[in-house]
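> Dropping the sequence and predicted coords here.
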Amino acid sequence: MNDPVLFVVGGLYLGSLIAFVALGYSLVYGVLRFVNFAHGEIIAFSGLVVFQVKSSLAPNCGLLLGILIAALTGAVCGVLMDRLVYRNFRGEGSLVLLLASFAVSMALQGGMSAIWGSHSRNIGFGDPVVEVFGTTVYARQLWLPALGLIGLFALEYLLRHTIWGLVTRGYSSNPVQMSSSGAPVGRTITMTFALSGALAGIASVVLGLGTGVSPLMGFQYALWAFAATIIGGLGSLRGTIIGGLLLGMVLTAVARFGSPLYMDATAFIVMTGVLIWRPRGLFAFLERKV
Amino acid sequence: MSRKAVLVVALVVLVVAVAAFLYLGQGSESKGGTTVGSVLILSGSFQSYGEQFRDGVALAHEELREQGRAEDIDVRFFDSQGVKRKAVELVERLRQRYGTHYLADIMGTGLALEAAPTINERQMLVVSGVNTGPELTTNGGPYFFRIIPSDGVAAVEIAQWASDLGYERAAVVHDVDEWAQGLLSELKRAYGEQGGSFVDELECPKGFEVFSPLVSRVQATKPQVVFLLLYPREAGLFLKEAKRQGFEPAFMGTDNFTGEEVVQHAGDAAEGVLFVVPGESDEKANKVYDRFAQEFKRKYGSDRKPELFSVTGYDVMMIIADLVERFGEDTTAAAEYLHNATYQGASGKIEFDENGDVRVDHYRRMQFRKTDDEIVAAPYPM
């Protein structure tokens, strides 16, 4: 047992998970200026679909395939959410979209509970461990932060070098002008929801490996991710990642040296402090804004 | 009509349809016969426990009907959502609208305590198969009975067992709800009386996600035994993380470890865990259980093993049906009868003491053991 190594690895892992979920928030916020509160349900739905595939359709399905299925499910779920609900309220303002996302969240949660029940289930993949400085850690605790960084650089590349990125940035700055310019705004928004959903899907498998899958599995992380997004800077990809990592370390310290009961309160106290001190987020100055 | 208008109309239709479904699902007013109410938690994080109990009650009801009994008994399940005020309202509604005299549980110790004045004032007899809070022994009132032992008894059993094994330094990781708080307070008292001391006490709420720092913290206090007063998922995940960190004291729990969920989440890490369950194992009890288990698999699928609360739900419904047959609406006579009655249920022999608590003659000491390919609960070798 090596407490400092466990603490650091555990904190970075928690932070990476929060950051992964928060990136999805940030992407959608960056384009449409609203926080999609149904993001946590995309996580749960993707995880449950992978569980179903693994348990009844393809028991031999490996972890990598599971992650791909989850990413695809999350992407489709995100796109459908936009097409069926949010698109109808575009132009009605952020508040209407926010309320719609609450409704979607509750409907999905109820639907998933009706189909799968509220039990937490083992997702079915192995959870291998490796040795780091004489301490046993889960392999996912090492590859998730790396995957998070790759995700960040990939998103930055896409924003800088693709038409999607160009239109996203344009729409984010001036939606009216961008819409009337003939740019493929609709497709860009669809792509944004797909990417955001895919990130949630990947997070769902990692979460499932750790603590199982259930209709409520995304709720806790969605809350923390929301706080991390505000702390890092809404719409700022780098800020979101750093905000997530920072919050992960703080929450791990609270659980280790304080009480698990204070974790949520701590996240929101920090978030409120940041909102008062720096309303745009601690790391909003770091570019890549969506 | 615009696309937006179509969406709004569709939403309104959906809301009206759901409301109508919920209203009709609760049925019309009683048309003769006896309505047995069951106020459970059927949504949120305790949904699965409510569903387990409901399935046991429904199975017993079906079986009784097939036997030509309970044909005039109607069972209605309601979801309190874990809200105390709502539970009381549902009890009131059951009485006023359906003339209900018998309740197959008001799930949740806190909810049952909140509803206790109402049920006693209206002489509604409750038989509970879920609530283990010690406060119900004294505050449940004369019409409250339960077939699952109070946590006070379970706490004494695991404290005694830990002491028998020579463990004097303990840590406890517990949930924060009324069930865990009641059990914790009884355990502290019982373990203290055995000469044991607690080196750490740590909260871990239901739905908790981050176990690594918790295990590190408990490990640092070097306990000989860790009492896990947690729900199955959290207990399983704590054990899994403890194994990963090489933390290997004795782990002990109560009947919260029955069912498959602990092992499902802990995997091999559940091996060696000690826990106590109420009940006896005579042949007659096994026969009732065997029939129940067979019918349970027929109704709910062979891949589902009967959970503890399904077993108690089944027994609760059987007892209530017997009381209805014997005493009709006279719940005062039924309550008096219960104090002297003996039932042979799927959960074992059921007798009640003067407080309406089930008499517990025997607790089984169990341990998770690894067989060729799975972890199973087996009697602890004496």
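Thanks, I have it.
> okay, CA-based contacts and neighbour counts for the rest of this
Will do.
> Would you quantify the distance from B:R304 to chain A?
B:R304 sits 13 Å away from chain A when distances are taken as CA to the nearest CA, to the nearest Å.
> which non-adjacent residue is nearest that residue?
Using CA to CA, 6 or more residues apart in numbering or on different chains and skipping the chain neighbours, the partner closest in space to B:R304 is B:K297 (6.6 Å).
> That neighbour belongs to a strand, doesn't it?
No: counting by DSSP: H, G, I helix; E, B strand; the rest coil, B:K297 falls outside a strand, being helix.
> From the structure, what's the count of residues near it?
14 (other CA atoms under 10 Å in any protein chain shown).
> My guess is it contacts B:D303. True?
Yes: contact criterion CA atoms under 8 Å: B:K297 and B:D303 qualify, at 7.5 Å.
> do you know how far A:R169 is from chain B?
The value you get for A:R169 to chain B, if CA to the nearest CA is used, is 28 Å.
> which element is that residue on?
According to DSSP states H and E, A:R169 maps onto helix A:163-173.
> buried ones in that helix?
Neighbour counts over helix A:163-173 (16 or more other CA atoms under 10 Å in any protein chain shown) mark A:W164, A:G165, A:L166, A:V167, A:T168, A:R169, A:G170, A:Y171, A:S172 as buried.
> could these go into a markdown table alongside pLDDT and distance to B:A87?
Formatted as a markdown table, the buried residues of helix A:163-173 follow (pLDDT from 0 to 100; distance: CA to CA, whole Å):
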| residue | pLDDT | distance to B:A87 |
| --- | --- | --- |
| A:W164 | 89 | 53 |
| A:G165 | 88 | 53 |
| A:L166 | 88 | 55 |
| A:V167 | 89 | 53 |
| A:T168 | 86 | 50 |
| A:R169 | 84 | 52 |
| A:G170 | 85 | 53 |
| A:Y171 | 84 | 50 |
| A:S172 | 78 | 48 |
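> so which of these comes closest to chain B?
Nearest to chain B, judged by CA to the nearest CA, of the buried residues of helix A:163-173 is A:Y171 at 22.8 Å.
> you'd agree that closest one is up against A:V185?
Yes: counting by CA under 8 Å, A:V185 is a contact partner of A:Y171 at 7.4 Å.
> Please enumerate the shared neighbours of these two.
A:M178, A:S179 (CA atoms under 8 Å, 6 or more residues apart in numbering or on different chains).
> What is the distance between stretch A:114-129 and the centre of its chain?
Distance of stretch A:114-129 from its chain centroid, counting by CA atoms, centre = their mean, to the nearest Å, is 19 Å.
> got it, and stretch A:61-78?
On the basis of CA atoms, centre = their mean, stretch A:61-78 sits 14 Å off its chain's mean C-alpha point.
> what's that stretch in contact with?
A:42-43, A:45-47, A:49-50, A:54, A:125, A:193-202, A:204-205.
> now do stretch B:179-188
Taking CA under 8 Å, 6+ apart as the rule, stretch B:179-188 contacts B:109, B:131-135, B:151-152, B:155-156, B:159, B:174-175, B:229-230.
> hmm, the helix or strand hosting A:Y157 in reach of chain B?
Assigned by DSSP H and E, A:Y157 belongs to helix A:140-161. No: judged by CA under 8 Å from any CA of the partner chain, helix A:140-161 and chain B are separated, with a smallest distance of 11.3 Å.
> in that helix, what's buried?
Within helix A:140-161, the residues that count as buried by 16+ other CA under 10 Å are A:R140, A:Q141, A:L142, A:L144, A:P145, A:G148, A:L149, A:L152, A:L155, A:E156, A:L159.
> Show me which of those residues is closest to chain B.
A:Q141 (11.3 Å).
> Quick one: list the elements packing against the helix holding A:R169.
helix A:3-32, helix A:140-161, helix A:175-180, helix A:185-211 (3 or more CA pairs under 8 Å, 6 or more residues apart in numbering or on different chains; DSSP states H and E).
> could the ones you listed be laid out in a markdown table, adding mean pLDDT?
Compiled in a markdown table, the helices and strands packed on helix A:163-173 are given as follows (pLDDT from 0 to 100):
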| stretch | mean pLDDT |
| --- | --- |
| helix A:3-32 | 90 |
| helix A:140-161 | 90 |
| helix A:175-180 | 80 |
| helix A:185-211 | 93 |
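> What about A:F133, how many residues nearby?
Around A:F133 there are 9 residues (other CA under 10 Å).
> Show the low-confidence segments of the stretch 1-150 of chain A, by residue range.
A:1-2 (pLDDT under 70).
> Show me the contact partners of stretch B:367-376.
By CA under 8 Å, 6+ apart, stretch B:367-376 touches B:263, B:267-268, B:270-275, B:377-380.
> what does the stretch 101-250 of chain A put close to chain B?
Counting by CA under 8 Å from any CA, the stretch 101-250 of chain A sits next to chain B at A:117-122, A:129, A:135-137, A:211-212, A:216.
> Pull out the buried residues from stretch A:94-110.
Neighbour-count burial for stretch A:94-110, counted by 16+ other CA under 10 Å, picks out A:S94, A:L97, A:L98, A:A100, A:S101, A:F102, A:V104, A:S105, A:L108, A:Q109, A:G110.
> From A:V104, how far off is the last one?
Put plainly, it is A:G110. According to CA to CA, to the nearest Å, A:G110 and A:V104 sit 10 Å apart.
> tally of neighbours for B:G195?
B:G195 has 12 nearby residues by other CA under 10 Å.
> and the gap between it and B:S163?
8 Å.
> what does A:A146 give?
48 Å.
> got it, and B:A58?
41 Å.
> And for A:V104?
A:V104 sits 52 Å away from B:S163, going by CA to CA.
> Ok, A:V254 next?
In terms of CA to CA, A:V254 sits 33 Å off from B:S163.
> Which of those two has more residues huddled nearby?
The neighbour comparison of A:V254 against B:S163 (other CA under 10 Å) goes to A:V254, with 20 against 17.
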